[in-house]
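> what's the 3D shape of this:
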Amino acid sequence: MLWAICSLGENMMSIGLFSHFRKIKFIALSLAVGLGVNTQTQAAPSLEHNVLNQQGASISLQEFAGKVVYADFWASWCGPCRKSFPWMNAMQAKYQQQGLEVVAINLDVDSALAHAFLSKLPAQFNLRFDPEGDVAHAFELQGMPSSFLFNRKGELVQSHVGFYQQNIPAYEQEIQMLLKE
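This next block holds a predicted model:
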C-alpha cells in the first residue's frame, strides 16, 4: 500500500513512490474507462464511510453527525503519529463538551501493532480501524498522518498531511472556529 508512507518530509523516497503510484493509477483508470468499467466511487473525503470499531464491528463515521470531527489516519510505524496523539488527547479533553470528536483511524493490517502503539501512547478519543485501507484509499491519503476536519454539517473544511509542532496553534484555531459555528 503505497499511500501508507510516513509524512512526506520524513521520507524523501515517498515522493518518487507517489509519482509512480499516480502513473499506475492513471493507467489503470484509463484502462477501466476504456473497457467500460464503472469507475465511480463514493464521494471522499466524507463521513459516509464505514470503519471497524474496537470490537471489529463495521460502523459508519456518520455516528459523529452533528459534531465537529477531527478524523486522523495513523499507523503504528508512523513517527509523527507519536507526536500527534498527546495533542489529540488534549483537544478531545478541552473541546469535547463543545462538540468536538477526535476520531483516529488506524491503518495497520496487524492489530497487534496498533495495540502495542496504544499501550505506550493511550488514546482518550475515538479509535476506529481500517486494516484493508479502503477508507484511506477513498480519502486519497498523501502521507501519514493525514487529518481531515469536518464541520457540524459533515462538510470537509480542512485537511493536513503530516503533523508539525509549529502548526499546533493553527490546528487548534481551526477547531475553535468550527465549534463557534
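
> how far off centre is stretch 121-136?
Computed by Cα atoms, centre = their mean, to the nearest Å, the chain-centroid distance of stretch 121-136 equals 8 Å.

> name the residues that touch it?
The contact list for stretch 121-136, computed with Cβ atoms under 8 Å, 6 or more residues apart in numbering, reads 1, 3-4, 49-54, 56, 59, 61, 64, 73, 82, 85-86, 88-89, 92-93, 101-109, 111, 114, 118. C-beta coordinates here come from the backbone N, C-alpha and C atoms, glycine included.

> taking those residues one by one, which sit in strands?
Using DSSP state E, the members of the contacts of stretch 121-136 that fall within strands are 50, 51, 52, 59, 73, 101, 102, 103, 104, 105, 106.

> ok, so of those, who is nearest residue 151?
residue 101 (12.1 Å; Cβ to Cβ).

> list the beta-bridge partners for the most centrally placed residue in the chain.
The centroid of the chain falls nearest to residue 73 when counting by Cα atoms, centre = their mean (2.7 Å). Beta-bridge partners for residue 73, by DSSP bridges, are residue 105, residue 146.

> tell me which residues of stretch 63-80 come out buried.
64, 67-76, 78, 80 (16 or more other Cβ atoms under 10 Å).

> ok, now stretch 144-153?
144, 145, 146, 147, 148, 149, 150, 151.

> thanks again, I'm all set now.
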